[in-house]
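In: give me a 3D structure for the following:
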Amino acid sequence: MKRHLNRFVSRLLFACAFLAGAQQVLAAGFYITEVGTPGSLGTAGAANPTNDFGADSAWTNPAGMTGLNNDMMVAGLQLVVPRNKFDSSREDAGGKDGGNAGNFQPIPSFFYVNKLTDRARLGFSVIAPQGGGFNYGDDFVGRYSASRSILGVIGVSPSLAYKVNDRFSIGGGVTALYTHYELNMAINTAAIIPGSPDAKAKVENLTDWAYQPFVGLTYQLTDRAMLGVVYRGESDVDLDGDVNIRNWSLPLPKPKFNDAEVSWDNPQWLDVGLKYMVTGKDVLFLNGGWQDWSDFSKNGISITGGATDVNTNIDREWDDTWYARIGYAHEFAQESFLSLGVSYDSSPVKNKHRTFDLPVDEYYKLSAGYGWKGKNKLDYALGATLMLVGDADIKQTSQGVTAAGKFDTNMVLFVGGTLRYVF
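Out: Residues are numbered from 1 along each chain as shown. The predicted structure follows:
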């Protein structure tokens, strides 16, 4: 019986969700395009690849750093305020809908560009390029797939840029990514002994350092139009952490799993933009891109320390995504500005393959920003982006139990402010 139990629990842990990534708040994939700065948060990300006016170009497009004539520092704080409420239509094991499952999160950022020579620039950035989380609660209808999940990623990026001539600049860098991931899920012990209360599996302290190279270019097509292109390479994430089984009530020995390993690939990403000076004070930003989420789709899982170890791969059936963005900025008197932006991102997964641990869908963004010049070489800016996510219909069977429904409220508000200092 003990041998049967250990094998059963092994299958549960494998089938349910020691899976990569972890949050519905980031919709199509989980790259965060808003880095909290005016050119990003205030234009729905449309200005990122043609950014040659801010220190955040050290990350958004390193070639754009050559547009800065002085050393510059930008520090910011962005607040992520999600509202994600699931509405169940089927709950075979009972349970609740989970309320607002999204987690409020503050995200700091820092950027610095140093003018090495008339043509060369050195950049440095600290951002959270991925992250988010949810907490459905232990009594959630889909608890056998996931009840709580937290993903946090910090990226530290040195970068260099060189101005080849008056029209063409190139740049590149590498992002060192520190990833931390945790997951809670229920174990359906009633499948072994009817009437038994749920046990809980917790995957804790899954961490890893990974590296993602990126290169960019800017090309001045005309006196009014500039092209920007950024490519970010694939990065391999291999997380190591602990597995704990809690609330065990069966009259049998508790399984003793010790270690968990989860692996995935952060996908390659191509970002292309056009900046056009409509007038001396009006700028239009056009932006489109592609992300290779089909590569992320294959997740590796290894669980050891129990009577039966698990070492396998799972395919989420994800597809590549694409997006389109448009932004606008207007400069007022006394060097203040207003920016606006809208965008659309496609979904990486069809309804029939969507899961509770990553209930992603397509989304639209509406953005606005305002900046003004202060004293003592200091500038200030405020911005906000409202992300409207699709319904994310889900029907998933885990541990022999089916739960289904959709999100009747599914949105995220990004609000941020920055301080800029020009040396």
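
In: low-confidence ranges in this structure?
Out: 1-30, 305-310, 333-334 (pLDDT under 70).

In: now do the helices in it.
Out: Taking DSSP state H to define them, one finds helices in the chain at 2-16, 38-41, 57-60, 293-296.

In: how deep is G36 tucked in, by neighbour count?
Out: By the measure other C-beta atoms under 10 Å, the count of residues near G36 is 31. For every residue, glycine as well, the C-beta is placed using N, CA and C.

In: ah, wrong one, I meant N258
Out: N258: 11 surrounding residues under other C-beta under 10 Å.

In: isn't it up against G241?
Out: No. Counting by C-beta atoms under 8 Å, G241 is not a contact partner of N258; they are 10.2 Å apart.

In: so what's in contact with these two at the same time?
Out: When C-beta atoms under 8 Å, 6 or more residues apart in numbering defines a contact, no residue borders N258 and G241 alike.

In: so G172 makes contact with P213?
Out: Yes. G172 lies in contact with P213 (C-beta under 8 Å); the separation is 7.2 Å.

In: and for these two, which residues touch both?
Out: By C-beta under 8 Å, 6+ apart, no residue touches both G172 and P213.

In: end to end on stretch 163-170, go ahead and measure it.
Out: 7 Å (C-alpha to C-alpha, to the nearest Å).

In: check the offset of it from the chain's centre.
Out: 32 Å (C-alpha atoms, centre = their mean, to the nearest Å).

In: just stretch 92-110 next, same as before
Out: Distance, centroid of stretch 92-110 to centroid of chain: 15 Å (C-alpha atoms, centre = their mean).

In: for that stretch, buried residues please.
Out: Going by neighbour count (16 or more other C-beta atoms under 10 Å), the buried part of stretch 92-110 is A93, G95, D97, G98, A101, G102, N103, Q105, I107, S109, F110.

In: same check, this time on stretch 176-191
Out: Residues 177, 179-190 are the ones in stretch 176-191 that count as buried (16+ other C-beta under 10 Å).

In: for stretch 226-238, same thing?
Out: Buried, per 16+ other C-beta under 10 Å, within stretch 226-238: M226, L227, G228, V229, V230, Y231, R232, S235, V237.

In: nearest to S159, of the residues you listed?
Out: Distance to S159 across the buried residues of stretch 226-238 (C-beta to C-beta) is lowest for V230, with 11.1 Å.

In: contacting residues around that closest one?
Out: N48, P49, T60, N61, F214, V215, G216, W269, L270, D271, V272.

In: distance of it from S343?
Out: Applying C-beta to C-beta, to the nearest Å, the value for V230 to S343 is 16 Å.

In: D97 contacts S89, doesn't it?
Out: No. Using C-beta under 8 Å as the test, D97 is too far from S89 to be in contact (10.2 Å).

In: shared neighbours, these two?
Out: With C-beta under 8 Å, 6+ apart as the test, D97 and S89 both reach G405.

In: and which of the contacts of V230 is nearest F407?
Out: W269 (25.9 Å).

In: ok, that closest one to Y31 distance?
Out: Going from W269 to Y31 by C-beta to C-beta gives 7 Å.
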